[in-house]
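*Asks:* need coordinates for the following:
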Amino acid sequence: MGTIMEEQKKPTVNLSQHSSFMSSLKTQLKETFFPDDPFRHFAGLPPRRRAWFVLSYFAPILQWAPNYKPSFFAYDLLAGITITSLAIPQGISYAKLANIPPVIGLYSSFTPPLVYAVFGSSNNLAVGTAAAVSLLLSSSIRDTVSPENEPEKYLFTIFTAAFFSGVFQLALGIFRSAITGYMAGAAMIIILQQLKGLLGLEHFTSKTDVVSVVEAVFQNRHEWKWQSAILGLCFIIILVATRRLKEKIPRLFWVNAISPLLVIIMGGVLAFVVKGKDHGIPIVGELKKGLNPISLSQLQFKSPYLSAALQAGLVAGFTALAEGIAVGRSFGLLKNERTDGNKEMIAFGLMNIVGSFTSCYVTTGPFSKSAVNYHAGCRTPMSNVIMALCMMLVLLFLAPLFKYTPLVALSAIIVVAMLGLIELHEIRHLFKVDKFDFCVCISAVLGVVFANIEVGLLLSVGLSIIRAMLHMARPTTCRLGNVQGTGLYLDTKNYPDLTTFPGFLILQLGSPIYFINASYLRERITRWVEDEENCTKEKGQDLHYIIFDMGGVAAIDNTGIGMLFEVHRMLGKKMIQMAITNPRGQVVEKLMAAGFIDVVGKEWIFLSIQDAVSGCNFALEEGNKRNGKQEHA
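*Replies:* As a prediction, the model looks like this:
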């Protein structure tokens, strides 16, 4: 077979390369932490210059701030003021959803945006609180700590959950590691929970499943207040109308952006004039002015608060991270800007850790606020800085004015915001494109609606992981045939008219070979061989060669190598020769170290399928010649 290669004079598989353990480890760590190799341009730079580039990589503000143009400021100023008008009603509303004082929602739009402006990589993301995260925190923690009986401990546990969310997100950013249905289910539950505010109820259930919520609404029907219901319906109509206006006339996006604030102002004025608290229109109540108090000493690291905060923090952190990164990338694509997922994880982690020290709860980059930021023409993360400065002025001077805000106004804002999260068109798209994804989506919806937020999230994530594991455990193998007149080999199942060679079986292994799929691959290869033997025997021929295309095998472990040894022994008993084509460098090194290449024979390792077919044909002809001479003798 060596003579074959000499005659062909083509490049061959490199069987002599060897990488040291430290070299391999360095390469793997580099690919894990920095897949885009951001430091590849630093070679040859002076140490100080190199250190500056490394620092600016982790703190993107050092990249955009020195190049900040005065012309950008007008756009960022407009965007910052506009998203502040949305941050105020959302902050108050979502804090109510989390069963914490409304002013905490305002605090959470002051410190975290400043941290994100330093470490975030998206120019379009607007930082703030999110409805789904708020409800998730409340439903996770109130089973351990009651917001009614232990309001202080409950609040401190919320801060601790923000700390653990930040640690979790930061760890993902440093160590790298079917949201549609989950978000839709959460939106449905959040909308149902707003019936408490829309109907002016004083008593309600702490559970989040649809049965408990509906039962609580009708059990307390004697508390229904028609004043709240009518006012809430009017507010919903106003908010929906402004949303429709934005869809029909996109340049009037700002009308939709400020409509929640206008609803709060109108509701506050009305509640003040008619003394709404005495006439069936409950109000928010006192909001103290002043900047965020330090809450570091209030974090709860004792049982039972620790376990509740840890559980809520991990789930809320995952949800916030998924929403924030997805939103940032979506708007980045519209401007052809790149959003670095690793930097976002680090930025989210740091802003939630710092936020937990300054009386904030879990924040993310909510879609509604980021959409307003984008449409307002933001140029850089400076819009977050401006929002934070505006929020500082609100906290210092205007916060007490919001005490008259009707709770029904907050409920109306939440209801309309959640309607946008029920993406029926996306669910229909999943049904058309991928039935398994559709099942994951519906399972998440049902889990959230009939159980709780955590169950829905676990279902969506769990089923997605199961699907990924099934793909790994049952990788695709296919039989290849030749496109006549070319060196191209394709799947015979998809292209039944391809040319196949009598006595040859060409199989493509298209995934890493690990312990999880080694047994399946062995059984699948055996079945391919048996089927091919039956076909060739019907034609009066024998199966002589099996060629494995291993170009798609990116990695292999010890169990996978053992499986190849077993297959080789099985084929040897059947007098079938194994050939391998296009193995990757890492795979070759392991096969060499395990002695597999020596067992198969270096002459049976080829660069391409075409080379392997030519080599096997040559060997078959030589074998036939030798057999013919022996018979003649």
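*Asks:* alpha carbons only for contacts and neighbour counts from here, please
*Replies:* Noted.
*Asks:* for the record, mean pLDDT for the longest helix seen in the chain?
*Replies:* Ordering each helix of the chain by length in residues (DSSP state H) puts helix 305-334 first. The average pLDDT within helix 305-334 is 87.
*Asks:* and that helix, how far out from the chain middle?
*Replies:* In terms of C-alpha atoms, centre = their mean, to the nearest Å, the centre of helix 305-334 is found 9 Å from the chain centre.
*Asks:* in it, what's buried?
*Replies:* Within helix 305-334, the residues that count as buried by 16 or more other C-alpha atoms under 10 Å are 305-321, 323-332.
*Asks:* one more: stretch 215-225?
*Replies:* Residues of stretch 215-225 classed as buried: 216-217, 223-225 (neighbour count, 16+ other C-alpha under 10 Å).
*Asks:* so what touches that stretch?
*Replies:* With contact meaning C-alpha atoms under 8 Å, 6 or more residues apart in numbering, stretch 215-225 is reached by 195-196, 199-205, 280-281.
*Asks:* swap in 6 Å and give it another go.
*Replies:* By C-alpha atoms under 6 Å, 6 or more residues apart in numbering, the surrounding residues in contact with stretch 215-225 are 199-201, 204-205, 280.
*Asks:* related to what we said a few turns ago, and the longest helix of the chain, what does it pack against?
*Replies:* Identification of packing neighbours for helix 305-334 by 3 or more C-alpha pairs under 6 Å, 6 or more residues apart in numbering; DSSP states H and E yields helix 131-141, helix 151-175.
*Asks:* straight-line length of stretch 139-146, end to end?
*Replies:* End-to-end span of stretch 139-146 (C-alpha to C-alpha, to the nearest Å): 10 Å.
*Asks:* buried set for it?
*Replies:* By 16+ other C-alpha under 10 Å, the buried positions in stretch 139-146 come out as 139-142, 145-146.
*Asks:* now do stretch 411-426
*Replies:* Applying a neighbour-count criterion of 16+ other C-alpha under 10 Å, one finds 411-418, 421-422 buried in stretch 411-426.
*Asks:* a markdown table for those residues, including secondary structure and distance to residue 123?
*Replies:* Formatted as a markdown table, those follow (DSSP: H, G, I helix; E, B strand; the rest coil; distance: C-alpha to C-alpha, whole Å):
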| residue | secondary structure | distance to residue 123 |
| --- | --- | --- |
| 411 | helix | 31 |
| 412 | helix | 30 |
| 413 | helix | 26 |
| 414 | helix | 26 |
| 415 | helix | 28 |
| 416 | helix | 26 |
| 417 | helix | 23 |
| 418 | helix | 25 |
| 421 | coil | 23 |
| 422 | coil | 26 |
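*Asks:* among those, which one has the lowest pLDDT?
*Replies:* residue 421 (72).
*Asks:* just the element for the nearest residue to it once chain neighbours are set aside, please.
*Replies:* Closest residue to residue 421 apart from its sequence neighbours, by C-alpha to C-alpha, 6 or more residues apart in numbering: residue 184 at 5.7 Å. If you go by DSSP states H and E, residue 184 is part of helix 179-193.
*Asks:* what's that helix packed up against?
*Replies:* Counting contacts by 3+ C-alpha pairs under 6 Å, 6+ apart, helix 179-193 packs against helix 435-450.
*Asks:* restrict whichever helix or strand comes after the helix it packs on to CA atoms and write it as PDB.
*Replies:* The first helix or strand that comes after helix 435-450 along the chain, using DSSP H and E, is helix 453-473. Output in PDB follows, covering the C-alpha atoms of helix 453-473 (Å, rounded to 0.1, in the frame of the first residue of the first chain):
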ATOM      1  CA  ILE A 453     -42.500  28.900  37.100                       C
ATOM      2  CA  GLU A 454     -39.700  26.600  38.200                       C
ATOM      3  CA  VAL A 455     -41.400  23.500  36.800                       C
ATOM      4  CA  GLY A 456     -42.000  25.200  33.500                       C
ATOM      5  CA  LEU A 457     -38.400  26.300  33.300                       C
ATOM      6  CA  LEU A 458     -37.100  22.800  34.300                       C
ATOM      7  CA  LEU A 459     -39.300  21.200  31.700                       C
ATOM      8  CA  SER A 460     -38.200  23.400  28.800                       C
ATOM      9  CA  VAL A 461     -34.500  23.200  29.800                       C
ATOM     10  CA  GLY A 462     -34.700  19.500  30.700                       C
ATOM     11  CA  LEU A 463     -36.400  18.400  27.500                       C
ATOM     12  CA  SER A 464     -33.900  20.400  25.500                       C
ATOM     13  CA  ILE A 465     -31.000  18.700  27.300                       C
ATOM     14  CA  ILE A 466     -32.600  15.300  26.700                       C
ATOM     15  CA  ARG A 467     -32.900  16.000  23.100                       C
ATOM     16  CA  ALA A 468     -29.200  17.000  22.900                       C
ATOM     17  CA  MET A 469     -28.300  13.800  24.800                       C
ATOM     18  CA  LEU A 470     -30.300  11.800  22.300                       C
ATOM     19  CA  HIS A 471     -28.400  13.400  19.400                       C
ATOM     20  CA  MET A 472     -25.200  12.500  21.200                       C
ATOM     21  CA  ALA A 473     -26.200   9.000  22.100                       C
END
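*Asks:* chain center to the next helix or strand after helix 453-473, what's the gap?
*Replies:* Sequence-wise, the next helix or strand downstream of helix 453-473 (DSSP H and E) is strand 477-482. Distance, stretch centre to chain centre, for strand 477-482: 34 Å (C-alpha atoms, centre = their mean).
*Asks:* how about the CA coordinates for strand 477-482, as CSV?
*Replies:* Provided in CSV are the C-alpha atoms of strand 477-482 (Å, rounded to 0.1, in the frame of the first residue of the first chain):
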residue,chain,number,x,y,z
THR,A,477,-24.3,7.3,10.4
CYS,A,478,-24.9,7.0,6.7
ARG,A,479,-23.8,5.0,3.7
LEU,A,480,-22.1,7.0,1.0
GLY,A,481,-22.1,6.7,-2.8
ASN,A,482,-20.2,8.4,-5.5
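*Asks:* what about that strand, average pLDDT?
*Replies:* Per-residue pLDDT values across strand 477-482 average out to 91.
*Asks:* for stretch 111-126, same thing?
*Replies:* Stretch 111-126 carries an average pLDDT of 94.
*Asks:* can you read off the pLDDT for the nearest residue to residue 448 once chain neighbours are set aside?
*Replies:* Excluding the flanking residues, the one nearest residue 448 by C-alpha to C-alpha, 6+ apart is residue 456, at 4.3 Å. pLDDT, residue 456: 77.
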